[in-house]
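Visitor: Structural data only, the sequence is not supplied:
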């Protein structure tokens, strides 16, 4: 490889390294990806986001009781919730709770549809407190 090609390659790498923090910041603000993932250089400036998901009866705000499920069904639902919340923290709204929603629908056979309400909690830039980021997302799963 010639010196000119090496110089050009180094220039492109430096440009990519220089521009990535701006791109990552934009993705974190618009899509909600974690500042801790995808080579986020701002990871130490904010605590890790938190995702909470609620299983609601479809079309209502009534949360379905978790303690009425069998222990095996509870473990299955918690495992799906953990997998979803970890991915949602890292990749933001690109991840939907489909597997978790389908398992929840099977767990509550007497309900025609369920809603999965998802909230993302982050450090507020102006308040310096942990607060809900935007409105909660609602996903409906029907039989």
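Guide: Ah, there it is. Values in this document were obtained by computation on a predicted structure and should not be read as measured data. Residues are numbered from 1 along each chain as shown.

Visitor: next SSE after the helix or strand containing residue 80?
Guide: Using DSSP states H and E, residue 80 falls within helix 71-91. Once helix 71-91 ends, the next helix or strand along the chain (criterion: DSSP H and E) is helix 98-107.

Visitor: Tell me which residues of that following helix come out buried.
Guide: 100, 101, 103, 104, 105, 107 (16 or more other Cβ atoms under 10 Å). Where C-beta positions appear, they are placed from N, C-alpha and C, glycine not excepted.

Visitor: So which elements touch it?
Guide: helix 71-91, strand 113-123, strand 137-142 (3 or more Cβ pairs under 8 Å, 6 or more residues apart in numbering; DSSP states H and E).

Visitor: Mind checking the ones you listed for the one nearest to residue 39?
Guide: Checking the helices and strands packed on helix 98-107 against residue 39 by Cβ to Cβ gives helix 71-91 as the closest, at 12.3 Å.

Visitor: Over that closest one, what's the mean pLDDT, rounded is fine.
Guide: Mean pLDDT, helix 71-91: 94.

Visitor: Report the buried residues of it.
Guide: 73, 76, 77, 80, 81, 84, 85, 88, 89, 90, 91.

Visitor: which residues touch that helix?
Guide: With contact meaning Cβ atoms under 8 Å, 6 or more residues apart in numbering, helix 71-91 is reached by 31, 33-34, 36-38, 48-53, 66, 69, 95, 97, 99-100, 103-104, 107, 118, 120.

Visitor: surely residue 59 meets residue 115?
Guide: Yes. With contacts counted by Cβ atoms under 8 Å, residue 59 reaches residue 115, the gap being 7.3 Å.

Visitor: In terms of neighbours, single out the busier of the two.
Guide: Using other Cβ atoms under 10 Å, the more surrounded residue of residue 59 and residue 115 is residue 115, with 23 against 11.
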